[in-house]
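**Student:** only the shape, not the letters, is given here:
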């Protein structure tokens, strides 16, 4: 995964992103949610791709549109787990999920 560069949104500096699971018709959506016990500001990783503080990912170069290339592979599964190419989105407390919207894209 990559880090996002800080951006000014309105009157404050944003250090993150809000992501939602969305139905194909874009009429239903739900925010993804870290599991209970996750720490505020904790990095999200994908199962099998853990990182250490000594191996911090680089910032995304927005001109390369890398994040946009990842979105087609971010989906929820039958268990409402958020995944990237089948690898579960994780925190140290467990799997990131949505409350409903199985097999939907995340953006």
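**Tutor:** Received it, and whenever you're ready, just let me know what you need. All values derive from a computational prediction rather than experimental measurement.
**Student:** what about residue 107, distance to residue 5?
**Tutor:** Remark: distance between residue 107 and residue 5 (C-beta to C-beta, to the nearest Å) = 19 Å. Where you see a C-beta, it was placed from the backbone N, CA and C, and this is true even at glycine.
**Student:** sheet-wise, list the partners of the lengthiest strand in the chain with their directions.
**Tutor:** Longest strand in the chain by number of residues, with DSSP state E as the criterion: strand 87-91. Strand 87-91 has the following sheet partners, assigned by DSSP bridges: strand 45-46 (antiparallel), strand 82-84 (antiparallel), strand 94-95 (antiparallel).
**Student:** please enumerate the strands of this structure.
**Tutor:** 7-9, 12-14, 20-22, 29-31, 45-46, 74-76, 82-84, 87-91, 94-95, 105-106.
**Student:** so can I have JSON lines of the ones you listed showing mean pLDDT, mean neighbour count and distance to residue 38?
**Tutor:** Putting those into JSON lines (pLDDT from 0 to 100; neighbours: other C-beta atoms under 10 Å; distance: least, C-beta to C-beta, whole Å) gives the following:
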{"stretch": "strand 7-9", "mean pLDDT": "77", "mean neighbour count": "9", "distance to residue 38": "23"}
{"stretch": "strand 12-14", "mean pLDDT": "80", "mean neighbour count": "10", "distance to residue 38": "19"}
{"stretch": "strand 20-22", "mean pLDDT": "91", "mean neighbour count": "19", "distance to residue 38": "18"}
{"stretch": "strand 29-31", "mean pLDDT": "90", "mean neighbour count": "15", "distance to residue 38": "14"}
{"stretch": "strand 45-46", "mean pLDDT": "87", "mean neighbour count": "18", "distance to residue 38": "12"}
{"stretch": "strand 74-76", "mean pLDDT": "95", "mean neighbour count": "21", "distance to residue 38": "18"}
{"stretch": "strand 82-84", "mean pLDDT": "95", "mean neighbour count": "20", "distance to residue 38": "13"}
{"stretch": "strand 87-91", "mean pLDDT": "93", "mean neighbour count": "18", "distance to residue 38": "4"}
{"stretch": "strand 94-95", "mean pLDDT": "95", "mean neighbour count": "16", "distance to residue 38": "8"}
{"stretch": "strand 105-106", "mean pLDDT": "91", "mean neighbour count": "21", "distance to residue 38": "17"}
